[in-house]
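> Provided below for reference: sequence and predicted model.
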Amino acid sequence: MGGEGTKRRPMGLKSSMSKKPKHVDSEAVADPSQLVNDHQDEKTATIALKSRQDGTSDDFEDLEEIYNNALEALDSSQEQAILLFQGAIHDCDRIIKLKYSENQQDTLPTIFYYIYGMSLFNLSELLEPSDAIEYLKLASERLNQALTLIVSSTELNPSLLSKINIGIGKVDLSLAKSNPIFMNMESVDATLLKFDSAIQSLLYEIKEKSSTGSDDTRDTDFNPAKSMDQIYSVIDMVLTFSVFADDIQFLLHLINWSKTELSIIKYGKL
């Protein structure tokens, strides 16, 4: 039902992965053929993408829309979500190849690396491939690139910073569950610091926006209820992860961290 002001983008992406992704260092460009086989399956996902008033479109806006559609599909159709996350990865690879060929890789925005990393993470969770660790390693690399960009930026974006920290934490916990090398107190503490930073930032934002009485509906990046859902989701994630702890001290450490964060929420000690 593509109406005026929209365009249709075919997402002909195979719903299973048959090629093992290779390790990619920070300067290399990922090849999507290592992750998905594009245009080789009868299953397609077609989504409507908004165009600008002049009829043009923006690659990064299109990418963000594909990713948001994938997140929405998680609640209704995992198969559709898989296709869309694969589509996001396909677009990320196309964009990054283009930028590298033009020697403009430094112009890639923070949101690009965030979407790239989270799409890889979500596919690793949905498909549970035998080589999930490679997906997670590349997801971690992309998300850390996003973190490097945002902390060095002159424009403050606490909402996106929180999402990036939570995303890195999710990937790190998945790596810890997948590989004993990452299942240790030192590695997990680094993850908890990321989560703590995200929670503090979200609580501060809620407090600041509430104190100013901001109800600007244009502020689409801020939603107090969604922010609290994010916080409780992180704490629940850590508690769920604690069952994988290999000793009682490790288990208690994770439980105590969760209790501390809940106390911060309850008593508002930022």
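That came through fine. Numbering: from 1, shown residues only.

> every contact and neighbour count from this point should use C-alpha atoms.
Fine.

> buried sites along the helix or strand in which residue 164 is found?
Per DSSP states H and E: residue 164 is located in helix 158-178. Residues of helix 158-178 classed as buried: 158-176 (neighbour count, 16 or more other Cα atoms under 10 Å).

> helix or strand right after that helix?
Per DSSP H and E, the first helix or strand lying C-terminal to helix 158-178 is helix 185-211.

> next, the angle from the helix holding residue 164 to helix 185-211.
Put simply, helix 158-178 runs at 150 degrees to helix 185-211, going by axes from the mean of the first three to the mean of the last three Cα atoms, to 10 degrees.

> and the closest residue to residue 243 other than its chain neighbours, what pLDDT?
Among residues not flanking residue 243 along the chain, residue 251 sits closest, at 7.2 Å (Cα to Cα, 6 or more residues apart in numbering). The model reports residue 251 with a pLDDT of 93.

> name the helices or strands packed onto the helix or strand hosting residue 227?
In the assignment (DSSP H and E), residue 227 maps to helix 224-241. Judged by 3 or more Cα pairs under 8 Å, 6 or more residues apart in numbering; DSSP states H and E, helix 224-241 is in contact with helix 158-178, helix 185-211, helix 248-267.

> give me the mean pLDDT for it.
What helix 224-241 shows for mean pLDDT is 92.

> stretch 196-215 too?
Stretch 196-215 carries an average pLDDT of 80.

> what do you get for stretch 256-269?
pLDDT averaged over stretch 256-269 gives 86.

> ok, and what's touching it?
The contact list for stretch 256-269 (Cα atoms under 8 Å, 6 or more residues apart in numbering) reads 196, 203, 235, 238, 239, 270.

> which residues touch the residue nearest to residue 243?
Residues counted as contacts of residue 251 (Cα under 8 Å, 6+ apart) are 242, 243, 245.

> redo that, cut-off 10 Å
185, 239, 241, 242, 243, 244, 245 (Cα atoms under 10 Å, 6 or more residues apart in numbering).

> next one: residue 210
By Cα under 10 Å, 6+ apart, the residues touching residue 210 are 204, 224.

> any idea how far residue 264 is from it?
17 Å (Cα to Cα, to the nearest Å).
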